[in-house]
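> fold the stuff below for me.
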Amino acid sequence: MTKLSCPASRQIGMSQQILVVPVEPVPPRILIEILSRHLSSALAREVRVVDPVAPPSAARVRDDRIASGPARAALATHWGCGCRGRLVGVTGAEVVEGPNSEAPGCGEVLIISLAAGGIGNAVRAVGRSYGLADCPDPDCAMHAGSDAPALCARCCARR
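You can find the predicted model right below:
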């Protein structure tokens, strides 16, 4: 795991682990591996990729679209509420809001599409779930349109 030069993980109160859960339809393995490396580097957390989860039929809007609420509930059923670590479901489908769009339990469960926007958007979505805001520095992982693998000094000092 790559360490940041700042104590960002203490400043933004991050969970100790990020659990990446592929959700059917599963994105290509290489994208999941790249996302995991970027999350580990940018957020200074252990990232673990686990076996895929098939969302319930209620989550399937079409073959290329899933509803976020039922998919989040499926992750919570398999992995718990997310209070001990951040649960991040990654899918190759487009994620749409649907019934039960609130995260279950006391922790946050994210469902992110790797098909719609790539690695940088996924890293920013996880960063925002930890309280980080978008950043104007193009070399920062929190900059819109950037695929940078690390936070800038300004983002390390935030909060």
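
> so in this protein, where's the weakest helix or strand by average pLDDT?
helix 8-11 (a mean of 41; mean pLDDT, DSSP states H and E).

> tell me the contacts of Ile95?
I think there's a mix-up here, since residue 95 is Val and not Ile. Applying CB atoms under 8 Å, 6 or more residues apart in numbering to Val95 gives the contacts Arg65, Ile66, Ala67, Ser68, Ala71, Ile111, Ile112, Ser113, Ala116. The C-beta positions use only the backbone N, C-alpha and C, and glycine is treated the same way.

> test my guess that the third one contacts Ala73.
In this case it means Ala67. No - at 10.0 Å, Ala67 and Ala73 do not qualify as touching, with contact defined as CB atoms under 8 Å.

> ok so, going back, filter the contacts of Val95 down to the buried ones.
Buried members of the contacts of Val95, scored by 16 or more other CB atoms under 10 Å, are Ile66, Ala67, Ser68, Ala71, Ile111, Ile112, Ser113.

> look up how far Cys152 lies from Val109.
Val109 sits at a distance of 28 Å from Cys152 (criterion: CB to CB, to the nearest Å).

> neighbour-wise, which of the two wins?
Neighbours per residue (other CB atoms under 10 Å) separate Val109 from Cys152, with Val109 holding more: 26 against 20.

> check what pLDDT the more buried one gets.
pLDDT, Val109: 86.

> surely Ala125 touches Ile111?
No - distance between Ala125 and Ile111: 9.6 Å, which falls outside the contact criterion (CB under 8 Å).

> in stretch 40-58, which residues are buried?
Buried residues in stretch 40-58, defined by neighbour count with 16+ other CB under 10 Å: Ser40, Ser41, Ala42, Leu43, Ala44, Arg45, Val47, Val49, Val53, Pro55, Ala58.

> where does the last one land in three-state SS?
Here Ala58 is helix, with the state taken from DSSP: H, G, I helix; E, B strand; the rest coil.

> distance of the residue nearest to Cys135 when sequence neighbours are not counted relative to Cys152?
Distance criterion CB to CB, 6 or more residues apart in numbering; nearest residue to Cys135, sequence neighbours excluded, is Met142 at 4.0 Å. Per CB to CB, Met142 is found 8 Å from Cys152.

> and Arg48, helix, strand or coil?
Secondary structure state of Arg48, per three-state DSSP, is strand.
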